[in-house]
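> would you be able to build a 3D model of this:
(4 chains)
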There are 2 protein chains.
Amino acid sequence: MNIGDAARASGVNQKMIRYYESIGLIGDVARSANGYRTYTHNDIHTLAFVRRARRLGFSIEQIQALMTLWRDKERSSAEVKAIAQGHIDELQAKIEELAEMRRTLEHLVSCCAGDDRPDCPILDGLSANVDAASALAGVSPRGHP
Amino acid sequence: MNIGDAARASGVNQKMIRYYESIGLIGDVARSANGYRTYTHNDIHTLAFVRRARRLGFSIEQIQALMTLWRDKERSSAEVKAIAQGHIDELQAKIEELAEMRRTLEHLVSCCAGDDRPDCPILDGLSANVDAASALAGVSPRGHP
DNA sequence: CTTGACCTTCCCATCATGGGAGACCCTATC
DNA sequence: GATAGGGTCTCCCATGATGGGAAGGTCAAG
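Numbering: from 1, shown residues only, chains lettered A, B, ... in the order given. As a prediction, this is how the structure comes out:
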């Protein structure tokens, strides 16, 4: 199996396969006489593992660790779980960060008429004068009703 | 005001101020005789605008557009609102993507004993044999009860 | 005059992904 | 045997936003 077949079989594209090899995420693969990379069934399996892990948002570094455990038949599932839980926490933090942005933006957007006139609470909110936007929504940033 | 003061006043750090200038996000700023950048009150205001927009997750490109509208007294608030709504949609898409990852991971994690033994549904789930993990949770991926 | 705090530009690194160039390799068809 | 096409190789560059660090100029206080 050449790299093109490996890409199709694993769902990881060629560029990425070479990249993963170059950074040592996957071991150096066998080469045939012409210098082409040759993939075994097992290599494909590894690539597919990486792909799934990436799709779940694991970083290369985390995947490195996961693969070490994957190959280690003496591992404890607790180690794997810790990595996964750590990643869940990262995801959660990111989600909350984005949700907070969205919340703020939705508030501004809901205050904006969205018509032909230039008056715009969104721009006001982005300008220094946050009070202007807050006031529009009846929210008092410094607890002053 | 030199760049250090501008950074403190606007909350945008020096590196970023220079970067924003280099990519044309903010216009070239005045220089004093010694070549130091000199910031006016207005420049600070602009920087603070950029900072707030960044904090809401707007890309530089979007901020570019927002600032153009900001300066345009003939703008329609609809244009601003469209950009903001577009960004909300992006945020929402990202949130959903991350939430889906989290959901899947939480499922796997909940199936994992997290003890000293090597058996690990998380690794099984990342391996090709997805059925193994699904089966553990009583979920049938191909609608086969 | 030195010290220390500023400021300048320039280069490099991040993370994961990909585009593209230029050079080989192999197979099929003419 | 020539040529066309598709596959592969390596190498360089780019992304977006951020920042580290080097080497050197400037200024005010001691």
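
> what residues are up against A:Gly57?
Contact analysis of A:Gly57 by Cβ atoms under 8 Å, 6 or more residues apart in numbering or on different chains lists A:87, A:90-91, B:98, B:101. Heads up, the C-betas are built off the backbone N, CA and C, glycines and all.

> and what of A:Ile17?
A:Ile17 touches A:3, A:6-7, A:10, A:26, A:37, A:47, counting by Cβ under 8 Å, 6+ apart.

> how does it look with 10 Å?
By Cβ atoms under 10 Å, 6 or more residues apart in numbering or on different chains, A:Ile17 lies in contact with A:3-4, A:6-7, A:10, A:26, A:29, A:37, A:39, A:43, A:47, A:50.

> tell me, what's the model's pLDDT at it?
The score at A:Ile17 is 97. That number is its pLDDT.

> any idea how far the most centrally placed residue in chain A is from B:Val29?
Geometric centre of chain A, nearest residue: A:Gly57, 4.3 Å, by Cα atoms, centre = their mean. The gap separating A:Gly57 from B:Val29 is 39 Å, by Cβ to Cβ, to the nearest Å.

> what packs against whichever strand or helix holds A:Val109?
Assigned by DSSP states H and E, A:Val109 falls within helix A:77-111. Applying 3 or more Cβ pairs under 10 Å, 6 or more residues apart in numbering or on different chains; DSSP states H and E, we find helix A:77-111 packed against helix A:60-71, helix A:121-126, helix A:130-136, helix B:41-55, helix B:77-111, helix B:121-126.

> pick out the shakiest of the ones you listed, pLDDT-wise.
helix A:130-136 (a mean of 46).

> what's near enough to touch the closest residue to A:Leu69 other than its chain neighbours?
In space, not counting the residues next to it along the chain, A:Leu69 is nearest to A:Arg75; the distance is 4.4 Å by Cβ to Cβ, 6 or more residues apart in numbering or on different chains. Contacts of A:Arg75 were listed using Cβ under 10 Å, 6+ apart, and they are A:68-69, B:116-120, B:123.

> nearest to B:Arg18 among those residues?
Among the contacts of A:Arg75, A:Thr68 lies closest to B:Arg18 (Cβ to Cβ), at 41.4 Å.

> tell me the spacing between that closest one and DNA strand D.
In this view, A:Thr68 and DNA strand D are 25 Å apart by Cβ to the nearest atom of the strand, to the nearest Å.

> what of A:Ile122?
Counting by Cβ to the nearest atom of the strand - A:Ile122 and DNA strand D are separated by 18 Å.

> excluding its backbone neighbours, what's nearest that residue?
A:Ile122 sits nearest to A:Leu108 (Cβ to Cβ, 6+ apart), 4.6 Å away.

> surely the one you found and B:Ile83 touch.
No. Look at A:Leu108 against B:Ile83 with Cβ atoms under 10 Å: they stay out of range, at 11.3 Å.

> quick one, which of these two is more surrounded?
A:Leu108 (23 against 17; other Cβ atoms under 10 Å in any protein chain shown).

> next, count neighbours for whichever residue of chain A sits closest to DNA strand D.
Taking Cβ to the nearest atom of the strand, DNA strand D has its nearest neighbour within chain A at A:Gly4, 2.3 Å off. Applying other Cβ under 10 Å, we find 14 residues neighbouring A:Gly4.

> quick one on the thing from earlier: please convert the contacts of A:Arg75 to JSON lines, extending it with distance to B:Ser22 and neighbour count.
Putting the contacts of A:Arg75 into JSON lines (distance: Cβ to Cβ, whole Å; neighbours: other Cβ atoms under 10 Å in any protein chain shown) gives the following:
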{"residue": "A:Thr68", "distance to B:Ser22": "42", "neighbour count": "11"}
{"residue": "A:Leu69", "distance to B:Ser22": "44", "neighbour count": "19"}
{"residue": "B:Asp116", "distance to B:Ser22": "55", "neighbour count": "11"}
{"residue": "B:Arg117", "distance to B:Ser22": "55", "neighbour count": "11"}
{"residue": "B:Pro118", "distance to B:Ser22": "53", "neighbour count": "15"}
{"residue": "B:Asp119", "distance to B:Ser22": "54", "neighbour count": "13"}
{"residue": "B:Cys120", "distance to B:Ser22": "49", "neighbour count": "28"}
{"residue": "B:Leu123", "distance to B:Ser22": "46", "neighbour count": "24"}
